[in-house]
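>>> give me the fold of what follows.
(one chain, ligands or ions: 1)
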Amino acid sequence: MSNNPSAAAFSALNAHKTHLGSTHVAELFAHNPLRFQHFHARLDDLLFDYSKQRVTQATMPLLFDLARAADVEGRRKALFAGEIVNTTEGRAAMHMALRNMSGKPIMIEGRDVMGDVAAERDKYLTFATKVRDGTLRGTGGAPFTDVVNIGIGGSDLGPAMAARALSPFGGDGPRPHFVSNVDGADLGDTLKTLDPARTLFIISSKTFTTQETMTNAASARAFVAKALGEAAVGDHFAAVSTKLDLVAKFGIKSDRVFGFWDWVGGRYSIWSAIGLALAISIGRENFEAFLHGAHDVDTHFTDAPLDKNIPVLMALLGVWNRNVWFYGSHAVIPYDQRMGRFSAYLQQLEMESNGKSVTRAGEPVMHATAPVIWGEPGTNGQHAFFQMLHQGTDIIPIDFMVAAEPTDADPHHHDLLVANCLAQSEAMMRGRARDEVEAILRKQGMSDSEITKLAPHKVFAGNRPSSTFMYRRLDPRTLGRLVALYEHKVFVQSVIWDINAFDQWGVELGKELCNRLAPIVSDASQPTEGLDASTAGLINYRRLMGEG
Ligand SMILES: O=P(O)(O)OC[C@H]1O[C@](O)(CO)[C@@H](O)[C@@H]1O
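Have a look, this model is predicted:
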């Protein structure tokens, strides 16, 4: 008998799955007219409908038992109390302090951090306002028309995703750009479009050592120095980091350096000064509304009972799909073109946090952890990969999301967008059975032999699970809520899987090997002996091409 406290809860879920067998969700809807009422939760205008998941009223209590067995509530308390939940790095994970708008203290290691948080926030938001209103200008006196954030991972994806999602809220502020890849094409293509005299660069890096960011920062610095002179660098650069000593060495003026703290993980840092490019893009008030949205979710997460707690429900449904039904991937499909980077953002949030194989104690995990997260906005995805979602051999749970009203787009287009979103989730759930297909084909005048040939291709099994988020419109507050919901979902899943969601050792080996290979790659006289045959073969092949 296992001494894992969750084992009994998992066994009960597996037995329940057997009992459910091939029960079709469409039948559950047919038998229960209140199914929508039973399986949705709300946070003000934000609705989370999970009635199209493969669950019954018997499933949810078993999932709540699992949450209790894993001590989700106790671990949530420890998280919010600023305990060292990131044990391998000896840190708290207190990004919630950055959006704590309650006026209440938040203690980390025995100290209220709210004074420091508010002071730093005021510093970078004041800077953002001065860039937006033209008080701060470039060396030659021109206002900044363009702001380039140079960062990668958590120092890029959050502000890049949100600046795009919230672009209608920017007014006539400077245009935001995001450069992340060490591929020189990323910086090069961006610089081609910019006037150095009107461009502000923000170097965003928690550690201020990340190869990609430091390489791009040095090239951007050279670009400014070449165009405007070395003395101009100070006026055209700002930085965000926890390593203020390293920033000082780079030569950025101290009043343009914005800090944050070790207890903010990179992929949870959008709420800190890492959001500076976003704040410049959408303005102080909108940025604060974004923080308020996330704070609403923190309060909801700590206060709402498990059965009404949206991040808990998201997490438990994810565990049900991942560990009981064995679905290995999870699609996120926002019906919002401006949410085009949302799934990329969630890839880091979910997969860097929960893509782990050992428990907090370093033992092999008992269950599969993070699924593959991916997605594209609807309706585009419908004309690309939805074929596979509807009729492929793998079942892929989906999160749909859509605003009730457009932010600024044509209402007729928006009606069609909403109709598409609802139609897709309905089709995934209902499917179309063989007899229905045959009846349709017969009505179209097909012969029996034609029907026999074509019908199998037109059958949809349905029973493909999805949840749908609907909110009034995609504004800063809504986006803040959505991001924070996923953050807490990830935390709850990490508790159930008993893994540390806040470290990322899996990114280190590649970085280390790259540092070893970089001199061999760039200097053809360096020997390739000692490398594995494939790596050596590829380096030598490239060298040959260089000669040819
Ligand atoms: O902000 P930094 O220190 O440059 O790190 C960037 C990213 O690199 C990682 O450490 C690993 O890829 C991420 O966790 C982080 O968000």
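>>> please count neighbours and contacts with C-alpha atoms only from this point.
Fine.
>>> what does the stretch 201-350 of the chain have sitting close to the ligand?
Neighbours of the ligand within the stretch 201-350 of the chain, by C-alpha under 6 Å from any ligand atom: 205, 206, 207, 208, 210, 266, 267.
>>> buried ones from those, can you make that a ChimeraX selection?
Those of these that count as buried under 16 or more other C-alpha atoms under 10 Å are selected in ChimeraX with:
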select :205,206,208,266,267
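>>> show me what contacts the most centrally placed residue in the chain?
Computing the C-alpha centroid of the chain and ranking residues by C-alpha atoms, centre = their mean puts residue 346 first, at 2.0 Å. Counting by C-alpha atoms under 8 Å, 6 or more residues apart in numbering, residue 346 makes contact with 373, 486.
>>> run through the stretch 1-150 of the chain and note the low-pLDDT ranges.
By pLDDT under 70, the low-scoring segments of the stretch 1-150 of the chain are 1-3.
>>> 50 - rerun?
Applying pLDDT under 50 to the stretch 1-150 of the chain flags the ranges 1-2.
>>> over to the chain?
1-2.
>>> the residue nearest to the centre of the chain - that's part of a helix, no?
Yes: Residue 346 forms part of a helix when assessed by DSSP: H, G, I helix; E, B strand; the rest coil.
>>> quick one: buried residues of stretch 349-364?
Those would be 349, 350, 351, 352, 353, 354, 355, 356, 357, 358, 359, 360, for stretch 349-364 by 16+ other C-alpha under 10 Å.
>>> do stretch 420-434 as well
Here stretch 420-434 shows 420, 421, 422, 424, 425, 426, 427, 428, 429, 430, 431, 434 as buried, counting by 16+ other C-alpha under 10 Å.
>>> for stretch 519-536, same thing?
520, 521, 528, 536.
>>> quick one: which of the buried residues of stretch 420-434 is nearest the ligand?
residue 421 (31.8 Å; C-alpha to the nearest ligand atom).
>>> surely that closest one and residue 335 touch.
Yes: counting by C-alpha atoms under 8 Å, residue 421 does reach residue 335; the two are 6.5 Å apart.
>>> now the common contact residues for the two.
With C-alpha under 8 Å, 6+ apart as the test, residue 421 and residue 335 both reach 378, 379, 400, 401, 402.
>>> neighbours of the first one, just the number please.
Burial of residue 378, expressed as a neighbour count using other C-alpha atoms under 10 Å, amounts to 25.
>>> and for the third one?
Here the neighbour count serves as a burial measure; for residue 400 (other C-alpha under 10 Å) it reads 23.
>>> which residues does it bridge with?
residue 333, residue 468 (DSSP bridges).
>>> ok now do it, which residues does it touch?
By C-alpha under 8 Å, 6+ apart, the neighbours of residue 400 are 332, 333, 334, 335, 421, 425, 466, 467, 468, 469.
>>> from what I can see the first one touches residue 375, true?
Yes: counting by C-alpha under 8 Å, residue 332 does reach residue 375; the two are 4.9 Å apart.
>>> of the two, who's got more company?
A direct count of neighbours by other C-alpha under 10 Å for residue 332 and residue 375 places residue 332 higher, at 24 against 21.
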